[in-house]
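Chemist: What follows is a predicted protein model with its sequence.
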Amino acid sequence: MTAWLEIKDLYVNVGDKTILNGVSLTVEQGEVHVIMGQNGSGKSTLSNVLCGNPHYTVTRGSITFKGKNLLEMSVDERAREGIFLVFQSPVAIAGVSVMTFMKYALNAKRKAAGLPELDAVSFMKHVKVRAKALGITDEMLKRPVNTGFSGGESKRMEVFQMAVLEPDFMILDEMDSGLDVDAVKIAAAGVNVMRSPEKAVMIITHNSRVLELIKPDAVHVMVQGRLVQSGGAELAQIIDKSGYAQFMAEKGA
Ligand code: ADP
Ligand code: MG
């Protein structure tokens, strides 16, 4: 049996520079995985490769998702399969309200999956539950997409958009960095809203604070393009205390 998401011995280049050096990782439905590592260790490269960013070239290894070869899929196909990267680069769409945009996006996704579109009433219900959980006000829902939001508000909106779209596999890349404690709480609330037996989450961070609010199934440490150690939440505490040097020694770097 192959895993739901299976990354095997993945090597990735940007130009002629090798950035990932043999990453292997399996994620099953229902699981929350955390990848920690210093700046420049290759965390964002991994999330970019999963989403199909064409700047990154896979030179060796494989990724399967739901039994299919992910590396053969276009960015759109991956999105339809339910892979969603939070905090890529939000687009501002003038004049279109958040609600209109979300209804369109959710129904496009449902259609692609062969599901009936949600009518106005069911859609409102779907939105209200998630807005409430993430502290989104009615006034914020009326504003145009990604315009006129402060830094904190816009992070909150991105997590909300993700929660409305209900991706199967959600990658949060450093959504908790460079912001205040509030942002960490929003990130955690987003993950907890999303958590379900059918879905999985990958949290990429170099900050262990988010782990105080989310109980991950596994924590992995990335050093120089390789996952050098895996364990539970206790790994984050070890990193907090003694940093990454110990893992570099283990890798022989
Ligand atoms: P992290 O997210 O762990 O901070 P990244 O995956 O962003 O690490 O980067 C890993 C290494 O790959 C860094 O040395 C970075 O400079 C390089 N890198 C990543 N993306 C690109 C890119 N698009 N072009 C050139 N170099 C890149
Ligand atoms: Mg990064």
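Modeler: All right, it came through fine. Ligands and ions are numbered 1, 2, ... in the order given.
Chemist: How about the secondary structure of the most centrally placed residue in the chain?
Modeler: Closest residue to the average C-alpha location of the chain: Ile171 at 1.1 Å, with CA atoms, centre = their mean. Assigned with DSSP: H, G, I helix; E, B strand; the rest coil, Ile171 falls in the strand class.
Chemist: these two touch, right, it and Phe84?
Modeler: Yes - using CB atoms under 8 Å, Ile171 makes contact with Phe84 at a distance of 7.1 Å. For every residue, glycine as well, the C-beta is placed using N, CA and C.
Chemist: about what we covered before: give me the pLDDT for the residue nearest to the centre of the chain.
Modeler: Note for Ile171: predicted pLDDT of 89.
Chemist: From ligand 2, how far out is it?
Modeler: Relative to ligand 2, Ile171 is positioned 11 Å away (CB to the ion, to the nearest Å).
Chemist: do Leu70 as well
Modeler: 20 Å.
Chemist: Excluding chain neighbours, what is closest to that residue?
Modeler: Residue nearest to Leu70 in three dimensions, not counting chain neighbours: Ile63, with 4.3 Å by CB to CB, 6 or more residues apart in numbering.
Chemist: residues contacting the one you found?
Modeler: By CB atoms under 8 Å, 6 or more residues apart in numbering, the contact list for Ile63 reads Leu5, Glu6, Ile7, Lys8, Leu10, Val49, Leu50, Asn69, Leu70, Leu71.
Chemist: Go through those and say which is closest to ligand 1.
Modeler: Using CB to the nearest ligand atom, Val49 is the member of the contacts of Ile63 that lies nearest ligand 1, at 9.4 Å.
Chemist: if I pick the residue in the stretch 101-250 of the chain that ligand 2 sits nearest to, what's in contact with it?
Modeler: As assessed by CB to the ion, ligand 2 sits closest to Glu174 within the stretch 101-250 of the chain, at 5.4 Å. By CB under 8 Å, 6+ apart, Glu174 lies in contact with Lys43, Ser44, Phe87, Ile204, Thr205, His206.
Chemist: Please check these and keep the buried ones.
Modeler: Lys43, Ser44, Phe87, Ile204, Thr205, His206 (16 or more other CB atoms under 10 Å).
Chemist: what about the stretch 101-250 of the chain, any weak spots by pLDDT?
Modeler: 146, 175-183, 249-250 (pLDDT under 70).
Chemist: one step back: what distance do you get for the residue nearest to Leu70 to Ser47?
Modeler: 12 Å (CB to CB, to the nearest Å).
Chemist: All the strands of the stretch 51-200 of the chain, residue numbers only.
Modeler: Remark: strands assigned in the stretch 51-200 of the chain by DSSP state E, counting those that start in this stretch are 57-65, 68-69, 83-86, 93-97, 144-145, 169-173, 200-205.
Chemist: Quick check: which element contains His220?
Modeler: strand 218-223 (DSSP states H and E).
Chemist: Now do that strand against strand 200-205: the angle between them, please.
Modeler: 40 degrees (axes from the mean of the first three to the mean of the last three CA atoms, to 10 degrees).
Chemist: before we move on, back to that, in contact with the residue nearest to the centre of the chain, which residues?
Modeler: With CB under 8 Å, 6+ apart, Ile171 has these contacts: Ser47, Leu50, Cys51, Ile83, Phe84, Leu85, Val86, Val201, Met202, Ile204.
Chemist: need the strands of the stretch 51-200 of the chain in CSV with distance to His220, can you?
Modeler: CSV is the format used below for the strands of the stretch 51-200 of the chain (distance: least, CB to CB, whole Å):
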stretch, distance to His220
strand 57-65, 16
strand 68-69, 23
strand 83-86, 18
strand 93-97, 36
strand 144-145, 34
strand 169-173, 13
strand 200-205, 10
